[in-house]
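**Q** this one's structure only:
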Ligand code: SF4
């Protein structure tokens, strides 16, 4: 792509950078050098691009000065390998979050795709902010570089599970996904960049038709239609049956196993009957189930007893499902979606 009008250097792919260099009066291979600095080495400071002539670095800075969103707040959790949440600010002063979750064998970045969200799920602080706008793919990729520069460690996994619903900003999300997974660029494995959805059937079908359909997480909330509607409010208009059909279509097209995320909150989905209902809803979908504990916001929902969470996990396991009980990370830093941005 070549958009000479763009104010963001991250909007250019390799071919676009080559053309840009030619339009500046340099050679196309200078574009390859800039591409390698940014996407292979993760260097976003022109002064550090030492094999570029000084006047070219100046020209780049004069035309594309602000490459990354600014980190305006950083909140680190307690303990080793702690989760860190970053509040970022875009050029138009809109704020959004990114969370870094290091574990022993991986370093995951949870990225946002929108400022706010059109849905207003009851358990989610982002929903309570209302919808401001979609993030561009340059801003999504920029948030990755901003955090990578700060933590100075390689990010191994990315999840689109921050603020916003990825499937309704799919064009930008897929462009960012392609940049993250480009083998000659950032080069994160396609298996390790995951998109999470609250369940938008038409968009799940669109995603299934991508040349390389990304791995998908579906946040079910509850296998009971009426409880789901209570929790998801607007997004609850899509029926579980429609979602099941679209997930079946996705799994056939993509051959990917789907992850079902079950966020357990007290009184909504924390009983053995809920586990049984989830098992029957899944039927023959190829899935694994991730159980997450609810991080309390100010919406009246509360954390389920640990005992109940384990009972749900054990029942699903007994019924033959693959279940992963996720450690609750970052409850001390408002790490659930949108909690920090809503606060500031
Ligand atoms: S859970 Fe997802 S879809 Fe629901 S309000 Fe939050 S960001 Fe939006």
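**A** That came through, no problem. The model shown is predicted, which means the values in this text are computed figures rather than measured ones.

**Q** Next one: residue 82 from the ligand, what distance?
**A** Distance of residue 82 to the ligand, given as C-beta to the nearest ligand atom, to the nearest Å: 23 Å. For every residue, glycine as well, the C-beta is placed using N, CA and C.

**Q** if I look at that residue, how far off is residue 102?
**A** 8 Å (C-beta to C-beta, to the nearest Å).

**Q** the more surrounded of those two?
**A** With neighbours defined as other C-beta atoms under 10 Å, residue 82 and residue 102 compare such that residue 102 has more, 19 against 16.

**Q** where's that one relative to the ligand, distance?
**A** The spacing between residue 102 and the ligand, counted by C-beta to the nearest ligand atom, is 23 Å.

**Q** for that residue, phi and psi?
**A** Phi and psi for residue 102, reported as degrees, to the nearest 10, are phi -80, psi 140.

**Q** Flag every residue of this protein that's near the ligand.
**A** 117, 119-121, 124, 126-127, 163-165, 198, 235, 337 (C-beta under 6 Å from any ligand atom).

**Q** Counting only strands, which of these make the cut?
**A** Per DSSP state E, strands hold no members of these.

**Q** May I have the secondary structure class of residue 260?
**A** strand (DSSP: H, G, I helix; E, B strand; the rest coil).

**Q** And the pLDDT at the nearest residue to residue 173 once chain neighbours are set aside?
**A** Excluding its sequence neighbours, the residue lying closest to residue 173 (C-beta to C-beta, 6 or more residues apart in numbering) is residue 166, at 4.6 Å. Per-residue confidence (pLDDT) for residue 166: 97.

**Q** For residue 166, give its distance to residue 143.
**A** On the measure of C-beta to C-beta, residue 166 and residue 143 end up 14 Å apart.

**Q** neighbour count winner among the two?
**A** The neighbour comparison of residue 166 against residue 143 (other C-beta under 10 Å) goes to residue 166, with 31 against 26.

**Q** gap between the spatially closest residue to residue 209 that is not a sequence neighbour and the ligand?
**A** Sequence neighbours aside, residue 253 is the residue nearest to residue 209 in space, at 6.6 Å (criterion: C-beta to C-beta, 6+ apart). Per C-beta to the nearest ligand atom, residue 253 is found 23 Å from the ligand.

**Q** Surely residue 253 is within a helix?
**A** Yes: under three-state DSSP, residue 253 falls within a helix.

**Q** hang on, isn't it packed against residue 212?
**A** No: counting by C-beta atoms under 8 Å, residue 212 is not a contact partner of residue 253; they are 11.2 Å apart.

**Q** These two - which one has more neighbours?
**A** Between residue 253 and residue 212, counted using other C-beta under 10 Å, the more crowded position is residue 253 (14 against 11).

**Q** coming back round to it: OK, contacts around the residue nearest to residue 209?
**A** 208-209, 213 (C-beta atoms under 8 Å, 6 or more residues apart in numbering).

**Q** any idea which of the residues you listed is the one closest to residue 30?
**A** Closest approach between those and residue 30, by C-beta to C-beta: residue 213, at 35.2 Å.

**Q** residue closest to the middle of this structure?
**A** residue 160 (1.3 Å; C-alpha atoms, centre = their mean).

**Q** quick one, phi psi at residue 86?
**A** Dihedral pair for residue 86: phi -120, psi 130, per degrees, to the nearest 10.

**Q** Any idea what it is bridged to?
**A** residue 74, residue 98 (DSSP bridges).

**Q** Would you quantify the distance from it to residue 74?
**A** Taken as C-beta to C-beta, the span from residue 86 to residue 74 is 5 Å.

**Q** of the two, who's got more company?
**A** Applying other C-beta under 10 Å to residue 86 and residue 74 shows that residue 86 carries more neighbours, namely 23 against 16.

**Q** Do you know the pLDDT at that one?
**A** 96.

**Q** Many thanks, have a good one.
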